[in-house]
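Asks: just a sequence and a predicted model for now, questions to come.
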There are 2 protein chains.
Amino acid sequence: MTRISEISAAADELTITWQDGGVSRLPAVWLRDHCQMPSSRNPGNGQRLINITEIPADIEIAAASFSDDLLRVEFRPGGHVSEFTADWLSRNCYKLDLQPDDRSESGKILWQADSFDQGLPRCAYEAFREQPRARLAALGAVRDYGFVIIEGVPCESGRLLDVIDQFGFVRETNYGRFFDVRTRVDPNNLAYTNLGLGCHLDNPYRDPVPGLQLLHCLESSTEGGESILQDGFLAAARLREENPDHFALLSRHWINFRFADTDADLRSRAPLIEVDDRDQVVKVRFNNRSIDTIRLAPELMKRFYPAYRHYAEILERDELQIVFRLQAGELMLFDNTRVLHARKAYSTGGTRHLQGAYSDLDGLYSCLRKLEETAA
Amino acid sequence: MTRISEISAAADELTITWQDGGVSRLPAVWLRDHCQMPSSRNPGNGQRLINITEIPADIEIAAASFSDDLLRVEFRPGGHVSEFTADWLSRNCYKLDLQPDDRSESGKILWQADSFDQGLPRCAYEAFREQPRARLAALGAVRDYGFVIIEGVPCESGRLLDVIDQFGFVRETNYGRFFDVRTRVDPNNLAYTNLGLGCHLDNPYRDPVPGLQLLHCLESSTEGGESILQDGFLAAARLREENPDHFALLSRHWINFRFADTDADLRSRAPLIEVDDRDQVVKVRFNNRSIDTIRLAPELMKRFYPAYRHYAEILERDELQIVFRLQAGELMLFDNTRVLHARKAYSTGGTRHLQGAYSDLDGLYSCLRKLEETAA
């Protein structure tokens, strides 16, 4: 942590020079709006007690002073006084435009097939359940790599919900609180056949899409049926490197997704690659089975298809895919807004029985932050 | 429904002239990718059986013919033949760039205080539960207006979950499957005091944000505490009319939201006004209490704040707000990505007891489409 070396105040802006040489420029209205005093913020939970409309439109800095760890600002009109600790300032506005960000590609460790020479991120279920540090490491792997494999989850129906209980909440859908993935007579979804499935993300036809998926292997005695995972953020970054126009086409134009059976008719409009305000990837969607009619003007369509094909080709490259056999008792927990999954076709002899469930990322990130707070 | 009058085929594009004079231009690759034959689509659920990478990059139309209700296209290389019914074509590509869209502002009925001279959208709970047409009308009101008031929900704890069971699934959060809203000693959230709350949307600090909120009134004997609802899509449209630059600033730049207490630390980055690829509003977020540190470059910040203030001022205009008293037994079901809610301060005498819960829009829309299918 650095300390304040010098300040200079104009009516509309305060400039802080830090002891390490950094400079922060803070607009008057921003300072007033971010006042941390008990009259402006609930000290217990940090909720803001004022609305922007309660701050005079012509707010100015009337006076400012500092010690090395406290800044005092008086505003006019109104004469409100705010005090900010150097600690709060350095964490919140040392560089005012620097975004703390653990959700976009810039906060992730991107990977491909050869990234895991030391083995895949794994965690024993007993440790996950009982040791906060093991849970922190496993959930941290989901944040950083997008997945973790939890070993030794009892091969009993519904036990995957116990895993969710450790960090968040079940996202129930028309498939139930959890669902079985095995060969079915007359399946309503290709997942319930023994065919191979190409790399995809689940349920792009939902808005909101479930942010987390669990797949728990209860039985695995078929030939084939290996699992494949792939970093969709890396694939999107690869597309941008190889052809920025293709990346722009897929991130700027939204397409339709749909799944319909006798009970449900789910539809969404969203881009294949979703970016934030800095053009950083925050979510990807890809599922050839559930892309509905693509609707774009004809000339745009002719430019869109080569981009779509290019992205699909990248997603089929072996060097981007990790292939492994999910054993009975193993559970994959993965970020369904980032990590694509697939499976190879399997034999009709033997049994392959997985159970799946969905959850949301907000619960996992909240749990992770609380674990980090405790560990710190 | 219109019928095919004439076609003309080039190698890369087929043109259909319809009997009503409309013209559809369909690129060859789009036609192949949207083939509806059993080898390309699962007839049961419409899932696509082919991947874009299985279609030759140099796909062309080799031949095309039609009757007034069937189009036949042969492709090369490979010689694949597709047949499309005129019905499918007219529904899916009469105008290829026309988006069917019931989620953005363009698919909604925008409203303000004087829009409900005939009364607010209401439905009796018994009818909602037992009559598909009543349920369709109520859920249709949520799609079109963003809210409905359900009357006669028994004043028993947790009964609001039965309402969710009628159309979708509970979004459980750190607040539980449902939560109580009443005055609490040492509240962890301002909602649990008797203070008024300005117009806001719930939980912008979640990603994904819960798309639906329910508030069920169990007891209401205080003075004050009236409910306020407001159409956030109308407010955003008003901002765009009054100052397009302000609208652009709030839709292009993302800000941080946060809620933290002893159990949770929830954070998100998102825009105040979220638009789709056609600059149509699809979601709004506004909650002065839970906007975290706003981080933008200093010069941009000086332009952002007037836009933010302008939007907040629009949200405070009386002519945009409907004010009513939620009676015991009444339940508001509203779109938490569109409709802001607020409450007036209330007296310390008497009791005001609401229960709240969240759900997601995907379930509601799916249920609505199935009800429409049955009613048609």
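Replies: Yep, it's here.
Asks: could you pull out the helices for the stretch 1-150 of chain A?
Replies: A:28-33, A:86-93, A:125-130, A:132-144 (DSSP state H, counting those that start in this stretch).
Asks: ok, and what's touching the last one?
Replies: Just to be clear, that refers to helix A:132-144. A:102, A:107-109, A:121, A:123-124, A:127-129, A:147-148, A:150, A:166-167, A:212, A:333-335, A:364-365, A:367-368, A:371-372, A:374-375 (C-beta atoms under 8 Å, 6 or more residues apart in numbering or on different chains). Backbone N, C-alpha and C define where each C-beta goes, glycine included.
Asks: the third one too?
Replies: Around helix A:125-130, the neighbours that count as contacts under C-beta under 8 Å, 6+ apart are A:134-135, A:138, A:150-153, A:163, A:166, A:331.
Asks: from these, pick the one nearest residue A:35.
Replies: residue A:135 (36.6 Å; C-beta to C-beta).
Asks: and residue A:368, that one's in a helix?
Replies: Yes: Residue A:368 forms part of a helix when assessed by DSSP: H, G, I helix; E, B strand; the rest coil.
Asks: between the two ends of stretch A:35-51, how far is it?
Replies: 12 Å (C-alpha to C-alpha, to the nearest Å).
Asks: near chain B at all, it?
Replies: Yes: residues of stretch A:35-51 contacting chain B under C-beta under 8 Å from any C-beta of the partner chain: A:42, A:44-51.
Asks: how much space between the residue nearest the centre of chain A and residue A:368?
Replies: Residue closest to the average C-alpha location in chain A (C-alpha atoms, centre = their mean): residue A:103, at 4.4 Å. The spacing between residue A:103 and residue A:368, counted by C-beta to C-beta, to the nearest Å, is 12 Å.
Asks: same question for residue A:45.
Replies: Distance from residue A:45 to residue A:368, by C-beta to C-beta: 19 Å.
Asks: what do you get for residue A:41?
Replies: On the measure of C-beta to C-beta, residue A:41 and residue A:368 end up 25 Å apart.
Asks: next, format the helices of the stretch 1-150 of chain A as JSON lines and append mean neighbour count and mean pLDDT.
Replies: As requested, the helices of the stretch 1-150 of chain A are arranged in JSON lines below (neighbours: other C-beta atoms under 10 Å in any protein chain shown; pLDDT from 0 to 100):
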{"stretch": "helix A:28-33", "mean neighbour count": "24", "mean pLDDT": "98"}
{"stretch": "helix A:86-93", "mean neighbour count": "18", "mean pLDDT": "94"}
{"stretch": "helix A:125-130", "mean neighbour count": "17", "mean pLDDT": "98"}
{"stretch": "helix A:132-144", "mean neighbour count": "18", "mean pLDDT": "98"}
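Asks: residue A:61 reaches residue A:75, doesn't it?
Replies: Yes: contact criterion C-beta atoms under 8 Å: residue A:61 and residue A:75 qualify, at 6.4 Å.
Asks: between the two, what contacts are shared?
Replies: A:28, A:31.
Asks: residue of chain A with the smallest distance to chain B?
Replies: residue A:208 (3.3 Å; C-beta to the nearest C-beta).
Asks: surely that residue is in a strand?
Replies: No: read with three-state DSSP, residue A:208 is coil and lies in no strand.
Asks: that one - how many residues pack around it?
Replies: 24 (other C-beta atoms under 10 Å in any protein chain shown).
Asks: just list the residues touching the closest residue to it other than its chain neighbours, thanks.
Replies: The shortest distance from residue A:208 to any non-neighbouring residue, by C-beta to C-beta, 6 or more residues apart in numbering or on different chains, is to residue B:208 (3.3 Å). Neighbouring residues of residue B:208 by C-beta under 8 Å, 6+ apart: A:208-209, A:211, A:360-362, B:360.
Asks: please name the nearest non-neighbouring residue to residue A:63.
Replies: residue A:74 (4.4 Å).
Asks: what about the one you found, how many residues nearby?
Replies: Using other C-beta under 10 Å: residue A:74 sits among 16 other residues.
Asks: how near is it to residue B:20?
Replies: Residue A:74 is 70 Å from residue B:20, by C-beta to C-beta.
Asks: returning to what we had before: residues contacting the closest residue to the residue nearest to the centre of chain A other than its chain neighbours?
Replies: Closest residue to residue A:103 apart from its sequence neighbours, by C-beta to C-beta, 6+ apart: residue A:282 at 5.9 Å. The contact partners of residue A:282, taken as C-beta under 8 Å, 6+ apart, are A:103-105, A:274-276, A:337.
Asks: quick check: bridge partners of residue A:73?
Replies: Residues in a beta bridge with residue A:73, per DSSP bridges, are residue A:64, residue A:82.
Asks: surely it touches residue A:82?
Replies: Yes: assessed by C-beta under 8 Å, residue A:73 is found in contact with residue A:82 at 5.0 Å.
Asks: between these two, which has more neighbouring residues?
Replies: residue A:73 (23 against 18).
Asks: show the pLDDT at that one.
Replies: On pLDDT, residue A:73 comes in at 98.
Asks: what sits against it?
Replies: A:9, A:14, A:31, A:61, A:63-64, A:81-84.
Asks: rerun that using 7 Å as the cut-off
Replies: By C-beta atoms under 7 Å, 6 or more residues apart in numbering or on different chains, the contact list for residue A:73 reads A:14, A:31, A:61, A:64, A:82.
Asks: could you check how far it is from residue A:84?
Replies: From residue A:73 across to residue A:84, the span is 7 Å (C-beta to C-beta).
Asks: if we ignore the residues flanking it in sequence, what's nearest residue A:372?
Replies: residue A:136 (6.6 Å).
Asks: picking that back up, keep only those of the contacts of residue A:282 that are in strands.
Replies: A:274-275 (DSSP state E).
Asks: pLDDT added to the contacts of residue A:282, as a markdown table?
Replies: Listed next are the contacts of residue A:282 as a markdown table, based on pLDDT from 0 to 100:
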| residue | pLDDT |
| --- | --- |
| A:103 | 94 |
| A:104 | 96 |
| A:105 | 97 |
| A:274 | 98 |
| A:275 | 98 |
| A:276 | 97 |
| A:337 | 98 |
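Asks: looking at the contacts of residue A:282, state which has the most neighbours.
Replies: residue A:337 (26 neighbours).
Asks: can you count the residues close to residue A:285?
Replies: Neighbours of residue A:285 using other C-beta under 10 Å come to 26.
Asks: nearest residue to it other than its sequence neighbours?
Replies: The spatial neighbour of residue A:285 that comes closest, neighbours along the chain excluded (C-beta to C-beta, 6+ apart), is residue A:204 at 3.9 Å.
Asks: wait, isn't that neighbour in contact with residue A:290?
Replies: Yes: using C-beta atoms under 7 Å, residue A:204 is in contact with residue A:290, at 6.1 Å.
Asks: other residues contacting the least confident helix or strand in chain A by mean pLDDT?
Replies: Here the helix or strand of chain A ranked lowest by mean pLDDT, DSSP states H and E is strand A:197-200, holding a mean of 90. Here strand A:197-200 makes contact (C-beta under 7 Å, 6+ apart) with A:190-191, A:228, A:230, A:286-288, A:315, A:340-343, B:51.
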